[in-house]
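Engineer: Fold the following and give me the result.
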Amino acid sequence: MRVAFVSMFTSDHRDTPAVRRAERVAKHLAARGHKVTWLCAQWWGGTAIPEFERDGIRYLAVTQAPATETFRAKLPFRLRAAKPDVVHAVNVPPSHATTAKTAARLLRVPVVVDWWETDEAFGSEKRYRKAARKPDAVTTPSETVKTEVREHGASGDDVVVVPESIDFDLVRDAAVDDRFDAVWARRLDEHANVETFLLALAELRDRDWSAAVVGDGPARDAAEQTARDLRIDDRVTFLGELPPAEFVPVLKGAHAFAQTATYEPFATELLWALACGCVGIVEYQAGSSAHELVEGLDRGRRVTSPQELADEIVACGDLPTKHVDEEFAGFDHDEILDEYVTLYRDLVDSYGLF
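Structural biologist: Residues are numbered from 1 along each chain as shown. Sure thing, here's the model as predicted:
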(Lines give C-alpha, C1' and ligand atoms only; values in the text may rest on other atoms or scores of the structure.)
Protein backbone atom coordinates (compact mmCIF):
# COMPACT_ATOMS: atom_id res chain seq x y z
CA MET A 1 0.00 0.00 0.00
CA ARG A 2 1.19 3.52 -0.80
CA VAL A 3 0.64 5.87 2.14
CA ALA A 4 1.31 9.60 1.94
CA PHE A 5 1.76 11.41 5.25
CA VAL A 6 0.98 15.13 5.25
CA SER A 7 2.69 17.15 7.95
CA MET A 8 4.65 20.30 7.34
CA PHE A 9 6.61 19.47 10.48
CA THR A 10 8.78 16.49 11.28
CA SER A 11 10.51 16.04 14.62
CA ASP A 12 13.52 17.72 13.01
CA HIS A 13 11.45 20.92 12.93
CA ARG A 14 9.10 20.61 15.90
CA ASP A 15 9.31 17.68 18.27
CA THR A 16 5.74 17.22 19.51
CA PRO A 17 3.73 14.14 20.56
CA ALA A 18 1.56 14.46 17.44
CA VAL A 19 4.55 14.44 15.10
CA ARG A 20 6.27 11.62 16.98
CA ARG A 21 3.07 9.56 16.76
CA ALA A 22 2.86 10.04 12.99
CA GLU A 23 6.57 9.31 12.53
CA ARG A 24 6.28 6.09 14.49
CA VAL A 25 3.37 4.89 12.35
CA ALA A 26 5.24 5.84 9.18
CA LYS A 27 8.40 4.00 10.25
CA HIS A 28 6.50 0.85 11.18
CA LEU A 29 4.58 0.92 7.91
CA ALA A 30 7.83 1.23 5.98
CA ALA A 31 9.35 -1.63 7.97
CA ARG A 32 6.44 -3.83 6.87
CA GLY A 33 7.11 -3.08 3.23
CA HIS A 34 4.51 -0.39 2.57
CA LYS A 35 5.64 2.50 0.38
CA VAL A 36 5.62 5.56 2.62
CA THR A 37 6.03 9.16 1.48
CA TRP A 38 6.11 12.13 3.87
CA LEU A 39 5.18 15.55 2.47
CA CYS A 40 6.82 18.19 4.64
CA ALA A 41 8.92 21.31 4.79
CA GLN A 42 12.52 20.48 3.94
CA TRP A 43 14.61 19.54 6.98
CA TRP A 44 17.68 18.13 5.21
CA GLY A 45 20.53 20.15 3.72
CA GLY A 46 20.86 21.22 0.10
CA THR A 47 18.52 23.68 -1.57
CA ALA A 48 18.47 21.73 -4.84
CA ILE A 49 17.51 18.40 -3.23
CA PRO A 50 13.70 18.04 -3.37
CA GLU A 51 13.56 14.67 -1.64
CA PHE A 52 15.38 12.60 0.94
CA GLU A 53 15.10 9.05 2.29
CA ARG A 54 15.48 7.96 5.91
CA ASP A 55 14.32 4.82 7.74
CA GLY A 56 12.64 3.61 4.57
CA ILE A 57 10.53 6.77 4.29
CA ARG A 58 10.70 9.00 1.22
CA TYR A 59 10.47 12.65 2.28
CA LEU A 60 9.23 15.11 -0.36
CA ALA A 61 9.83 18.81 0.23
CA VAL A 62 6.72 20.90 -0.32
CA THR A 63 8.48 24.06 0.89
CA GLN A 64 12.09 24.75 1.80
CA ALA A 65 11.09 25.95 5.28
CA PRO A 66 7.89 25.80 7.36
CA ALA A 67 5.44 28.33 5.92
CA THR A 68 1.81 27.46 6.49
CA GLU A 69 0.11 29.19 3.57
CA THR A 70 2.84 28.45 1.02
CA PHE A 71 2.80 24.80 2.07
CA ARG A 72 -0.95 24.74 1.63
CA ALA A 73 -0.73 26.22 -1.87
CA LYS A 74 1.89 23.76 -3.08
CA LEU A 75 0.58 20.65 -1.34
CA PRO A 76 -1.85 19.44 -4.08
CA PHE A 77 0.92 19.24 -6.67
CA ARG A 78 3.26 17.29 -4.40
CA LEU A 79 0.45 15.02 -3.27
CA ARG A 80 -0.31 14.13 -6.86
CA ALA A 81 3.37 13.29 -7.37
CA ALA A 82 3.27 10.92 -4.39
CA LYS A 83 0.52 8.79 -6.04
CA PRO A 84 -0.90 7.47 -2.74
CA ASP A 85 -3.56 4.87 -2.09
CA VAL A 86 -4.43 6.67 1.14
CA VAL A 87 -3.44 9.96 2.77
CA HIS A 88 -2.61 10.25 6.48
CA ALA A 89 -2.59 13.89 7.62
CA VAL A 90 -1.69 15.37 10.99
CA ASN A 91 -4.37 17.85 12.08
CA VAL A 92 -1.96 20.72 12.89
CA PRO A 93 -1.99 23.04 11.00
CA PRO A 94 -5.68 22.31 10.24
CA SER A 95 -5.64 24.06 6.85
CA HIS A 96 -3.21 21.40 5.58
CA ALA A 97 -5.63 18.62 6.51
CA THR A 98 -8.49 20.28 4.61
CA THR A 99 -6.28 21.00 1.61
CA ALA A 100 -5.13 17.38 1.61
CA LYS A 101 -8.76 16.26 1.48
CA THR A 102 -9.58 18.60 -1.40
CA ALA A 103 -6.58 17.36 -3.38
CA ALA A 104 -7.24 13.72 -2.51
CA ARG A 105 -10.82 13.99 -3.75
CA LEU A 106 -9.47 14.76 -7.22
CA LEU A 107 -7.10 11.81 -6.92
CA ARG A 108 -9.99 9.64 -5.70
CA VAL A 109 -8.19 8.45 -2.57
CA PRO A 110 -9.38 8.61 1.06
CA VAL A 111 -7.92 10.81 3.79
CA VAL A 112 -7.36 9.96 7.44
CA VAL A 113 -6.67 12.88 9.79
CA ASP A 114 -4.83 11.94 12.95
CA TRP A 115 -5.94 14.34 15.68
CA TRP A 116 -3.81 14.73 18.80
CA GLU A 117 -4.90 18.16 20.00
CA THR A 118 -6.28 21.52 18.91
CA ASP A 119 -3.40 23.99 18.83
CA GLU A 120 -4.91 27.46 18.47
CA ALA A 121 -1.53 28.90 17.47
CA PHE A 122 -1.91 27.21 14.07
CA GLY A 123 -5.53 27.81 13.17
CA SER A 124 -8.88 29.28 14.03
CA GLU A 125 -11.91 27.40 15.36
CA LYS A 126 -13.40 27.61 11.86
CA ARG A 127 -10.41 25.85 10.32
CA TYR A 128 -10.45 23.12 12.94
CA ARG A 129 -14.14 22.56 12.24
CA LYS A 130 -13.34 22.06 8.56
CA ALA A 131 -10.49 19.72 9.43
CA ALA A 132 -12.83 17.66 11.60
CA ARG A 133 -15.69 17.44 9.09
CA LYS A 134 -13.95 16.94 5.75
CA PRO A 135 -11.85 13.76 6.04
CA ASP A 136 -13.07 10.24 5.45
CA ALA A 137 -11.98 9.28 8.97
CA VAL A 138 -10.40 10.92 12.00
CA THR A 139 -8.21 8.94 14.38
CA THR A 140 -7.68 10.07 17.96
CA PRO A 141 -5.55 8.62 20.77
CA SER A 142 -8.36 8.58 23.35
CA GLU A 143 -12.09 8.96 23.96
CA THR A 144 -11.36 12.35 25.51
CA VAL A 145 -9.89 13.64 22.24
CA LYS A 146 -12.68 11.92 20.28
CA THR A 147 -15.20 13.98 22.24
CA GLU A 148 -13.25 17.14 21.38
CA VAL A 149 -13.26 16.28 17.66
CA ARG A 150 -17.00 15.63 17.75
CA GLU A 151 -17.47 19.03 19.36
CA HIS A 152 -15.72 20.45 16.29
CA GLY A 153 -18.45 18.88 14.17
CA ALA A 154 -17.12 15.47 13.17
CA SER A 155 -19.59 12.62 12.88
CA GLY A 156 -19.10 10.10 15.67
CA ASP A 157 -19.10 7.24 13.15
CA ASP A 158 -16.11 8.77 11.38
CA VAL A 159 -13.93 9.14 14.50
CA VAL A 160 -11.89 6.08 15.48
CA VAL A 161 -9.85 5.78 18.66
CA VAL A 162 -6.38 4.37 17.94
CA PRO A 163 -4.32 4.55 21.14
CA GLU A 164 -0.62 5.09 21.50
CA SER A 165 1.60 2.01 21.37
CA ILE A 166 4.60 0.62 23.23
CA ASP A 167 7.29 -1.99 22.67
CA PHE A 168 5.86 -4.90 24.65
CA ASP A 169 8.84 -7.13 23.89
CA LEU A 170 10.97 -4.58 25.77
CA VAL A 171 8.57 -4.82 28.71
CA ARG A 172 8.94 -8.59 28.76
CA ASP A 173 12.70 -8.68 28.30
CA ALA A 174 13.98 -5.71 30.34
CA ALA A 175 15.75 -6.14 33.67
CA VAL A 176 14.21 -4.96 36.95
CA ASP A 177 15.55 -1.84 38.69
CA ASP A 178 14.02 -1.97 42.16
CA ARG A 179 15.43 1.24 43.63
CA PHE A 180 12.06 3.01 43.80
CA ASP A 181 8.69 2.21 45.33
CA ALA A 182 6.73 4.92 43.50
CA VAL A 183 7.34 6.66 40.17
CA TRP A 184 5.96 9.74 38.43
CA ALA A 185 6.87 10.40 34.78
CA ARG A 186 6.03 13.04 32.20
CA ARG A 187 7.47 16.15 30.60
CA LEU A 188 7.84 18.76 33.32
CA ASP A 189 5.90 21.67 31.83
CA GLU A 190 2.99 23.88 32.89
CA HIS A 191 0.60 20.91 32.77
CA ALA A 192 2.73 18.45 34.72
CA ASN A 193 1.24 19.05 38.19
CA VAL A 194 3.99 16.98 39.79
CA GLU A 195 3.35 18.93 42.99
CA THR A 196 0.37 16.67 43.76
CA PHE A 197 2.71 13.65 43.76
CA LEU A 198 5.25 15.41 45.96
CA LEU A 199 2.58 16.58 48.42
CA ALA A 200 1.27 13.01 48.64
CA LEU A 201 4.76 11.73 49.39
CA ALA A 202 5.17 14.39 52.07
CA GLU A 203 2.09 12.97 53.79
CA LEU A 204 3.99 9.68 54.04
CA ARG A 205 7.29 11.03 55.34
CA ASP A 206 7.00 8.86 58.46
CA ARG A 207 7.00 5.71 56.32
CA ASP A 208 9.86 3.96 54.55
CA TRP A 209 9.78 4.67 50.81
CA SER A 210 11.81 5.95 47.88
CA ALA A 211 10.46 7.65 44.76
CA ALA A 212 11.56 8.78 41.31
CA VAL A 213 10.47 11.61 39.07
CA VAL A 214 11.23 10.90 35.41
CA GLY A 215 11.17 13.70 32.87
CA ASP A 216 12.64 17.07 32.09
CA GLY A 217 11.36 20.48 31.07
CA PRO A 218 10.94 24.09 32.18
CA ALA A 219 9.17 23.16 35.43
CA ARG A 220 11.91 20.86 36.70
CA ASP A 221 13.70 23.45 38.84
CA ALA A 222 10.44 24.40 40.56
CA ALA A 223 9.64 20.74 41.21
CA GLU A 224 13.04 20.11 42.75
CA GLN A 225 12.57 23.20 44.93
CA THR A 226 9.18 21.90 46.05
CA ALA A 227 10.79 18.60 47.10
CA ARG A 228 13.33 20.56 49.14
CA ASP A 229 10.63 22.76 50.70
CA LEU A 230 8.71 19.62 51.72
CA ARG A 231 11.93 18.11 53.13
CA ILE A 232 11.64 14.95 51.04
CA ASP A 233 14.41 15.72 48.54
CA ASP A 234 16.64 13.07 50.11
CA ARG A 235 14.10 10.40 49.14
CA VAL A 236 12.96 11.67 45.75
CA THR A 237 15.36 11.21 42.83
CA PHE A 238 14.92 13.33 39.71
CA LEU A 239 16.17 11.10 36.92
CA GLY A 240 15.58 13.46 34.00
CA GLU A 241 14.33 12.19 30.66
CA LEU A 242 15.03 8.49 30.08
CA PRO A 243 14.86 6.45 26.88
CA PRO A 244 12.54 3.43 27.04
CA ALA A 245 15.44 1.02 27.58
CA GLU A 246 16.26 2.82 30.86
CA PHE A 247 12.71 3.84 31.80
CA VAL A 248 11.16 0.37 31.62
CA PRO A 249 13.47 -1.26 34.22
CA VAL A 250 12.60 1.53 36.69
CA LEU A 251 8.89 0.89 36.14
CA LYS A 252 9.28 -2.88 36.45
CA GLY A 253 10.88 -2.40 39.84
CA ALA A 254 8.32 0.08 41.17
CA HIS A 255 5.01 -0.80 42.79
CA ALA A 256 2.98 2.38 42.19
CA PHE A 257 2.84 4.92 39.39
CA ALA A 258 1.18 8.31 39.84
CA GLN A 259 -0.44 10.24 36.98
CA THR A 260 -1.39 13.80 37.93
CA ALA A 261 -1.03 15.96 34.79
CA THR A 262 -3.81 18.44 34.11
CA TYR A 263 -3.60 17.94 30.33
CA GLU A 264 -2.93 14.67 28.53
CA PRO A 265 -4.40 13.55 25.18
CA PHE A 266 -2.94 10.12 25.93
CA ALA A 267 -1.00 9.11 29.04
CA THR A 268 1.81 7.15 27.39
CA GLU A 269 3.99 6.97 30.50
CA LEU A 270 1.05 5.55 32.44
CA LEU A 271 0.55 2.91 29.73
CA TRP A 272 4.19 1.85 30.04
CA ALA A 273 3.79 1.68 33.84
CA LEU A 274 0.64 -0.46 33.70
CA ALA A 275 2.30 -2.82 31.22
CA CYS A 276 5.19 -3.12 33.68
CA GLY A 277 2.85 -4.22 36.46
CA CYS A 278 2.63 -0.96 38.40
CA VAL A 279 -0.54 0.01 40.20
CA GLY A 280 -1.69 3.08 38.27
CA ILE A 281 -3.02 5.87 40.48
CA VAL A 282 -4.63 8.66 38.45
CA GLU A 283 -5.70 12.04 39.74
CA TYR A 284 -8.80 12.86 37.72
CA GLN A 285 -8.38 15.97 35.55
CA ALA A 286 -10.94 17.31 33.08
CA GLY A 287 -8.24 17.90 30.48
CA SER A 288 -6.62 14.49 30.75
CA SER A 289 -7.55 11.12 29.25
CA ALA A 290 -5.45 9.17 31.78
CA HIS A 291 -8.48 7.90 33.68
CA GLU A 292 -9.52 5.91 30.59
CA LEU A 293 -6.57 3.54 31.04
CA VAL A 294 -7.48 2.56 34.60
CA GLU A 295 -11.27 2.35 34.35
CA GLY A 296 -12.36 -1.12 35.46
CA LEU A 297 -8.74 -2.16 36.10
CA ASP A 298 -7.89 -4.17 39.23
CA ARG A 299 -4.53 -2.43 39.44
CA GLY A 300 -5.93 1.03 38.73
CA ARG A 301 -7.13 3.75 41.08
CA ARG A 302 -8.69 7.20 40.64
CA VAL A 303 -8.15 9.99 43.17
CA THR A 304 -8.99 13.69 43.45
CA SER A 305 -6.46 15.05 45.97
CA PRO A 306 -2.90 14.60 47.30
CA GLN A 307 -4.30 12.99 50.46
CA GLU A 308 -6.26 10.42 48.45
CA LEU A 309 -3.15 9.76 46.37
CA ALA A 310 -1.12 9.18 49.53
CA ASP A 311 -3.78 6.81 50.87
CA GLU A 312 -3.78 4.78 47.66
CA ILE A 313 0.02 4.53 47.58
CA VAL A 314 -0.20 2.94 51.02
CA ALA A 315 -3.18 0.73 50.13
CA CYS A 316 -1.63 -0.63 46.94
CA GLY A 317 1.19 -2.07 49.03
CA ASP A 318 -1.16 -4.97 49.79
CA LEU A 319 -1.33 -5.94 46.11
CA PRO A 320 1.13 -8.56 44.81
CA THR A 321 4.20 -7.39 42.93
CA LYS A 322 4.13 -7.74 39.15
CA HIS A 323 6.81 -6.94 36.60
CA VAL A 324 4.79 -7.57 33.42
CA ASP A 325 1.05 -7.35 32.81
CA GLU A 326 0.11 -9.29 29.69
CA GLU A 327 -3.29 -7.59 29.69
CA PHE A 328 -1.59 -4.69 27.91
CA ALA A 329 0.06 -6.73 25.15
CA GLY A 330 -2.61 -5.39 22.79
CA PHE A 331 -0.89 -2.00 22.94
CA ASP A 332 2.26 -3.36 21.29
CA HIS A 333 3.46 -1.42 18.25
CA ASP A 334 2.52 -4.22 15.85
CA GLU A 335 -0.98 -4.59 17.27
CA ILE A 336 -1.74 -0.88 17.02
CA LEU A 337 -0.24 -0.66 13.53
CA ASP A 338 -2.69 -3.37 12.47
CA GLU A 339 -5.52 -1.03 13.49
CA TYR A 340 -4.22 1.70 11.18
CA VAL A 341 -3.70 -0.71 8.28
CA THR A 342 -7.18 -2.18 8.70
CA LEU A 343 -8.67 1.32 8.70
CA TYR A 344 -6.71 2.28 5.57
CA ARG A 345 -7.84 -0.82 3.72
CA ASP A 346 -11.47 -0.43 4.74
CA LEU A 347 -11.45 3.18 3.52
CA VAL A 348 -9.75 2.30 0.24
CA ASP A 349 -12.24 -0.52 -0.37
CA SER A 350 -15.28 1.64 0.43
CA TYR A 351 -13.92 4.62 -1.52
CA GLY A 352 -13.91 2.57 -4.68
CA LEU A 353 -17.68 2.14 -4.43
CA PHE A 354 -18.45 5.81 -5.12
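Engineer: For the rest of this, base every contact and every neighbour count on C-alpha atoms.
Structural biologist: Will do.
Engineer: sec struct for A89, please.
Structural biologist: Following DSSP: H, G, I helix; E, B strand; the rest coil, A89 is assigned to strand.
Engineer: tell me the secondary structure for W43?
Structural biologist: Using three-state DSSP, the structure places W43 in coil.
Engineer: what about the nearest residue to A174 once chain neighbours are set aside, neighbour count?
Structural biologist: In space, and not counting its chain neighbours, A174 is closest to P249: 5.9 Å by CA to CA, 6 or more residues apart in numbering. Look at P249: counted by other CA atoms under 10 Å, it has 21 neighbours.
Engineer: my guess is P249 meets R179, correct?
Structural biologist: No: using CA atoms under 8 Å, P249 is not in contact with R179; the gap is 9.9 Å.
Engineer: From the centre of this structure, point out the most distant residue.
Structural biologist: The outermost residue of the chain relative to its centre, with distances by CA atoms, centre = their mean, is D206 at 36.8 Å.
Engineer: so where does that residue fall, helix or strand?
Structural biologist: Assigned by DSSP states H and E, D206 belongs to no helix or strand.
Engineer: Next, the contact list for E164, please.
Structural biologist: R21, P141, F266, T268, F331, I336 (CA atoms under 8 Å, 6 or more residues apart in numbering).
Engineer: Phi first, then psi, for the closest residue to the first one other than its chain neighbours.
Structural biologist: So that's R21. Using CA to CA, 6+ apart and skipping the chain neighbours, the partner closest in space to R21 is E164 (7.5 Å). The phi/psi pair for E164 (degrees, to the nearest 10) reads phi -70, psi 160.
Engineer: can you check S7 too?
Structural biologist: phi -160, psi 120.
Engineer: The helix or strand in which L60 is found packs against which elements?
Structural biologist: Taking DSSP H and E as the criterion, L60 maps to strand 57-63. With contacts defined as 3 or more CA pairs under 8 Å, 6 or more residues apart in numbering; DSSP states H and E, strand 57-63 has these neighbours: helix 17-31, strand 35-41, strand 51-54, helix 68-82.
Engineer: deepest of the ones you listed, which one?
Structural biologist: strand 35-41 (a mean of 24; mean count of other CA atoms under 10 Å).
Engineer: Outside of that strand itself, list whatever touches it.
Structural biologist: 1-10, 26, 29-30, 56-67, 71, 75, 78-79, 82.
Engineer: hmm, 6 Å instead?
Structural biologist: Strand 35-41 has contacts (CA atoms under 6 Å, 6 or more residues apart in numbering) with 2-9, 30, 57-66.
Engineer: List the strands paired with that strand, with their directions.
Structural biologist: Note on strand 35-41: by DSSP bridges, its sheet partners are strand 2-6 (parallel), strand 57-63 (parallel).
Engineer: State the mean pLDDT of it.
Structural biologist: Strand 35-41 shows a mean pLDDT of 98.
Engineer: how far out from the middle of the chain is that strand?
Structural biologist: Centroid separation for strand 35-41 versus its chain: 20 Å, with CA atoms, centre = their mean, to the nearest Å.
Engineer: what's the angle from that strand to helix 17-31?
Structural biologist: Counting by axes from the mean of the first three to the mean of the last three CA atoms, to 10 degrees, strand 35-41 points 150 degrees away from the direction of helix 17-31.
Engineer: Measure how strand 35-41 sits relative to helix 68-82, angle-wise.
Structural biologist: Using the same axes, to 10 degrees: strand 35-41 against helix 68-82 is 160 degrees.
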